[in-house]
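*Asks:* the following comprises the amino acid sequence and a computationally predicted model.
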Amino acid sequence: MSLHGLPENLHTNSTPSLYLRRARVTPLSRRWQLILEYHLLGKPHSQIAEELNISPQTVRNVIRSDLGQRYLAQRYEELDEEFKGLYRKVINTIRECLDSSDERVRLLAAEKWLKAHGKFKEQPEERVKAEVVIQQIFQQGGK
């Protein structure tokens, strides 16, 4: 890992990284790419600013800029395509789990499948107050 907590190959131009690829839009400086990639990783502006020794306002300016927005849109598109590529693998894994000999694994796989297709509705736990339970015990004791 590099000084900034990203893979070492993030800072090289030799091969594209999963975390950082050259934009098809106007080339960005490495600093802008780092800011935008940290943003994609979900880091808060203040943390990005601290790690790169810049102001949080600079981070906001880069992210909100037209060039930054185009870069982010492209990266979201790339990540979405990557996610779509994994969809078949996920489905196959759930299918395999549905045939597991472990009942718990089968139930979890079925729950995932149903949730993914909007067919699973979680039932809220019914909570009973202690006073009600005590009252029921007394009522049963009197019978």
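*Replies:* In hand now; what should we look at?

*Asks:* C-terminal to whichever helix in the chain runs longest, what's the next element?
*Replies:* Scanning the chain for the helix with the most residues, using DSSP state H, yields helix 66-98. Using DSSP states H and E, the helix or strand that follows helix 66-98 towards the C-terminus is helix 103-116.

*Asks:* low-confidence regions, this protein specifically.
*Replies:* 1-26, 122-125, 142-143 (pLDDT under 70).

*Asks:* let's see that with 90 instead.
*Replies:* Applying pLDDT under 90 to the chain flags the ranges 1-28, 83, 85, 87, 90-91, 94-95, 107, 109-143.

*Asks:* quick one: buried residues of the longest helix of the chain?
*Replies:* Neighbour counts over helix 66-98 (16 or more other Cβ atoms under 10 Å) mark Gly68, Tyr71, Leu72, Arg75, Cys97 as buried. (C-beta placed from N, C-alpha, C; glycine too.)

*Asks:* backbone dihedrals for the nearest residue to Glu111 once chain neighbours are set aside, please?
*Replies:* Leaving aside its sequence neighbours, Glu111 sits nearest to Phe120 (Cβ to Cβ, 6 or more residues apart in numbering; 6.1 Å). Main-chain dihedrals, Phe120, degrees, to the nearest 10: phi -110, psi 120.

*Asks:* count of neighbours near Phe120?
*Replies:* Around Phe120 there are 12 other residues, counting by other Cβ atoms under 10 Å.

*Asks:* what does Thr58 give?
*Replies:* Counted with other Cβ under 10 Å, Thr58 comes out at 16.
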